[in-house]
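**Q** Just to be clear, the model below is a prediction. Sequence and coordinates:
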Amino acid sequence: MWRWIVSQWNDIKGNVKYSILVALWWIVTWVGKILLQRIPHLSSWMVWAILLCLSLVVFVWLAKSSKVSLGVQASAMQPSQRRSTSFPSLSALNAQTPSVTFNSYEHFRRAYYSPLTAEIEENIKIAAEQNQPGDHEGFYARFIGVGLVSYLHDMTWAYIFKSQLLLLMELNRNNLPLAQAKTYYDRGVADYPGIYVKYSFQEWIEYMTREQLLIRHPSDMLEITHRGKDLLRYLAHWGRDVNVKAG
């Protein structure tokens, strides 16, 4: 009896796990939609495009994580039988040669499908035929690429402080020592003391390094990254004013 129960659990535990993940992702998507709709001048179709791109990133990450659990099984296969689940990240843009070995079979096998997915797929196909009838693939790649980068920069814009943006603007001109960068933090504390009550200078710097906006060298010199420079170009492109930000 016990063995039967264990065997039944082993059969369904994967489905239970992904059912829970789907429920959690539905909640995250619902909350994300509400937050995105509060961003000024962001159209409804862009909200859905951002959520679609975010879902793609999450599902790709899940596909990559499954590589660890399948490692033992894959090691017993012949090289010709193995399927790679890796996908190029933004780090591939930093003077590295991208290696694209995305396993679409595994990704779509695990993906969640909804009526919204089908509707968006159909709308994108129509848009591709209308805008690039001779190169649908190029349209899809550009749509995802532009949407994903826009999403990343918009999320950074939503949460970054004015003082951090001012530091990035200065780093775009010259590298700075950590001690000098602290003057931007101190200015933010003076202008918005309530925001910085529980936000230390270390956390302020770590946010920008974690978001890959700047590099902190062992010598405590700070240097802006490619992504940091691209964020500033993106904000300039859309006319975002740093002075409207708090902090």
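**A** The structure has been received and is ready for your questions. Numbering: from 1, shown residues only.
**Q** which residues touch the closest residue in space to Ile224 that isn't next to it in sequence?
**A** Closest residue to Ile224 apart from its sequence neighbours, by Cβ to Cβ, 6 or more residues apart in numbering: Leu171 at 4.0 Å. Using the backbone N, CA and C atoms, a C-beta is placed for each residue, glycine as well. When contacts are counted by Cβ atoms under 8 Å, 6 or more residues apart in numbering, Leu171 touches Leu214, Leu222, Glu223, Ile224, Gly228.
**Q** what helix or strand is the second one on?
**A** Just to be clear, that refers to Leu222. Assigned by DSSP states H and E, Leu222 falls within strand 221-224.
**Q** Now do the contacts for Leu213.
**A** Contacts here follow Cβ under 8 Å, 6+ apart; on that basis Leu213 touches Thr156, Gln164, Leu168, Ile224, Thr225, Arg227, Gly228, Leu231.
**Q** just Ile224 next, same as before
**A** Leu168, Leu171, Asn172, Leu213, Leu214, Ile215.
**Q** Quick check: chain neighbours aside, which residue is closest to the fifth one?
**A** Distance criterion Cβ to Cβ, 6+ apart; nearest residue to Leu214, sequence neighbours excluded, is Met208 at 4.9 Å.
**Q** hang on, the one you found packs against Leu165?
**A** No - taking contacts as Cβ atoms under 8 Å, Met208 lies outside contact range of Leu165: 9.8 Å.
**Q** Overlap of the contact sets of these two?
**A** Shared contacts of Met208 and Leu165, defined by Cβ under 8 Å, 6+ apart, are absent.
**Q** mind listing the strands for this structure?
**A** Applying DSSP state E to the chain gives strands spanning 176-177, 214-216, 221-224.
**Q** Given the shortest one, what are its sheet partners and their directions?
**A** The reference is to strand 176-177. According to DSSP bridges, strand 176-177 forms sheet pairs with strand 221-224 (antiparallel).
**Q** Flag every buried residue along the strand it pairs with.
**A** Neighbour-count burial for strand 221-224, counted by 16 or more other Cβ atoms under 10 Å, picks out Leu222, Ile224.
**Q** Stretch 127-139 too?
**A** Applying 16+ other Cβ under 10 Å to stretch 127-139 flags Ala128, Phe139 as buried.
**Q** What ranges in this protein fall below the confidence cut-off?
**A** Along the chain, the parts satisfying pLDDT under 70 run over 1-26, 28-100.
**Q** Can you show me the helices along it?
**A** Ranges of helices within the chain are 2-36, 44-69, 71-75, 104-110, 115-131, 136-159, 162-171, 178-191, 201-210, 226-237, based on DSSP state H.
**Q** about what we covered before: just give me the closest of the contacts of Ile224 to Pro133.
**A** Leu213 (39.0 Å; Cβ to Cβ).
**Q** Pro218 versus Val146, what's the distance?
**A** 36 Å (Cβ to Cβ, to the nearest Å).
**Q** Nothing else from me, thank you.
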